[in-house]
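Asks: mind folding the following:
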Amino acid sequence: MSRVAPIVGLASHLGRGVQRIATDAVVGRIRSIPRTVGDLDAAALTRIMGRRVTSVSVLGGDAGTSSRARLALTGDNVPASVFVKMSAETAATRLMGELGRLADTETRFYRELSTRLRGVPRSYGSAFDTLTGRFVLVLEDLPADECQFPDTLHPLPRDQAGLIVELLAQLHATFWGRVPAWAYTASGDSAALLTGPLLKTSSRRIAERTDIPVDRGRFIDANYRAVARLIDRPPHTVMHGDAHPGNVYFRNGQAGLLDWQAVRRGHPGRELAYTLVTSMTPADRRAEQRDLLDVYRQALAAHGGPQLDRDELWHRYRQGALYAYVAALITAGMGGMQAEDIALEGLRRGVAALEDLDTVALLAQSL
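Replies: The predicted structure is shown next:
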């Protein structure tokens, strides 16, 4: 029975996603929610934002796991420009989003949690259609001349990594012991059944075309569900879930976080390891990680969270480094989610962390 339940859950989850996309193909055009950036006219944005918009023009846009655009607005008490996220253009990408519950998660986050945090773009309104899975999220358009947007190819120095660690501490302290019921663990998601096979496929592809020693993670590939449950042991808080450099920004000396579509419940060791491993060079991380974990512990307590034991957090951090490896391997191996040079650099850092933190041996001993 313990093996059957996750399979049934995955089938149900996948079936719901397929049903939403099929329903959208039949009745989506008569639903009220906009389907494309071109549908975001003044009337639609007036409904979503709850304030009168009189004109809309597109400033630019791109596509990924969602469609994104910058819009110029005029109207009554509306910002001069906004950043909009919408459902992805292709059915295949939308199905991937359904498996990760990305749209539902991010619209819930901005509707229910975001106002309690700093370092989060302001939301001007959102809409989510439970029948078709389509969504629209209207956010603050962060000014490029005031913000720095890093990426994996530009590793963060210690001071900026420290700002992110402090921001994560504020997030974790705010929701420590107060996690909403809809936030689930990464290992508890029925879609996690797909992760092991994806890891094995990705590992094979990477080994065929690079010299990155992904064989160091073979134990994780073969035992993913068991080790994922291990690092998701309580205590839990709300985690951003995907705080890599591409989802970080700096403004007026403060850190911020973008793309809240992967919010999960979990232990902070997982999030801290993922963020520091992906954000810093291996050499800088090795030199600074213990001190940065101390910064986190102090900030967590200062914001009303618990006083975590130093050795226990280090232990959970070393275990949590598996997530930096897992996410980077699937991203690089399956392709299409990041530019290849960024994806491969992230994977190199993830593999390096497995080795210098002795993560695989620690996980094997803990099972």
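
Asks: for G346, see how far away the nearest residue in space to G305 that is not next to it in sequence is.
Replies: Nearest non-adjacent residue to G305, counting by C-beta to C-beta, 6 or more residues apart in numbering: A173, 3.2 Å away. In short, each C-beta sits where N, CA and C put it, glycine included. Distance from A173 to G346, counting by C-beta to C-beta, to the nearest Å: 28 Å.

Asks: which SSE is immediately downstream of the helix or strand bottoming out on mean pLDDT in the chain?
Replies: Ranking every helix and strand in the chain by mean pLDDT, DSSP states H and E puts helix 4-27 at the bottom, with a mean of 66. Downstream of helix 4-27, the next assigned helix or strand under DSSP states H and E is helix 42-49.

Asks: what sits up against that next one?
Replies: Residues outside helix 42-49 that contact it (C-beta atoms under 8 Å, 6 or more residues apart in numbering) are 32, 34, 52-56, 71, 73, 75, 78, 124-127, 136, 138.

Asks: one more time with 6 Å
Replies: By C-beta atoms under 6 Å, 6 or more residues apart in numbering, the list of residues contacting helix 42-49 from outside reads P34, R52, V53, T54, V56, Y124, G125, A127, V136, V138.

Asks: quick one: which two of these are the most distant?
Replies: Within the contacts of helix 42-49, two members stand farthest from each other by C-beta to C-beta: T54 and A127, at 19.8 Å.

Asks: about what we covered before: A173 and G346: who's more crowded?
Replies: The neighbour count for A173 versus G346, taken as other C-beta atoms under 10 Å, is higher for G346 (27 against 18).

Asks: quick one: distance of the helix or strand hosting the more buried one to the chain centre.
Replies: Per DSSP H and E: G346 is located in helix 340-356. In this view, helix 340-356 has its centroid 17 Å away from the chain centroid, taken as C-alpha atoms, centre = their mean, to the nearest Å.

Asks: kindly report the same for stretch 244-263.
Replies: Counting by C-alpha atoms, centre = their mean, stretch 244-263 is centred 10 Å from the centre of its parent chain.

Asks: repeat for stretch 21-40
Replies: With C-alpha atoms, centre = their mean, you get 26 Å for stretch 21-40.

Asks: so which bits of that stretch are buried?
Replies: Residues of stretch 21-40 classed as buried under the neighbour-count rule (16 or more other C-beta atoms under 10 Å) are I21, D24, G28, I33, P34, R35, V37, L40.

Asks: which residues touch the residue positioned nearest the centre of the chain?
Replies: Centroid-nearest residue in the chain: D242, 2.8 Å away (criterion: C-alpha atoms, centre = their mean). Going by C-beta under 6 Å, 6+ apart, D242 touches A262.

Asks: try it again at 8 Å.
Replies: Counting by C-beta under 8 Å, 6+ apart, D242 has contacts D259, Q261, A262, Y274, A327.

Asks: what helix or strand does it sit in?
Replies: Here D242 sits in a region with no helix or strand, counting by DSSP H and E.

Asks: show me just the buried residues among the contacts of helix 42-49.
Replies: By 16+ other C-beta under 10 Å, the contacts of helix 42-49 give P34, V53, V56, Y124, G125, A127, V136, V138 as buried.

Asks: quick one, helices of the stretch 251-367 of the chain?
Replies: 268-279, 282-302, 310-334, 340-356, 359-366 (DSSP state H, counting those that start in this stretch).

Asks: A207 touches D215, doesn't it?
Replies: Yes. Between A207 and D215 there is a contact under C-beta atoms under 8 Å: 7.2 Å.

Asks: one step back: look at the residue nearest to G305 and give its secondary structure.
Replies: Secondary structure, DSSP: H, G, I helix; E, B strand; the rest coil: A173 is helix.

Asks: for the protein, longest strand please?
Replies: Ordering each strand of the chain by length in residues (DSSP state E) puts strand 53-63 first.

Asks: buried ones in the helix or strand following it?
Replies: Per DSSP H and E, the first helix or strand lying C-terminal to strand 53-63 is strand 67-75. By neighbour count with 16+ other C-beta under 10 Å, strand 67-75 contains the buried residues S67, R68, A69, R70, L71, L73, G75.

Asks: let's have those residues in CSV, adding pLDDT and distance to R16.
Replies: Compiled in CSV, the buried residues of strand 67-75 are given as follows (pLDDT from 0 to 100; distance: C-beta to C-beta, whole Å):
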residue, pLDDT, distance to R16
S67, 89, 21
R68, 93, 25
A69, 95, 27
R70, 96, 32
L71, 97, 31
L73, 98, 34
G75, 97, 37
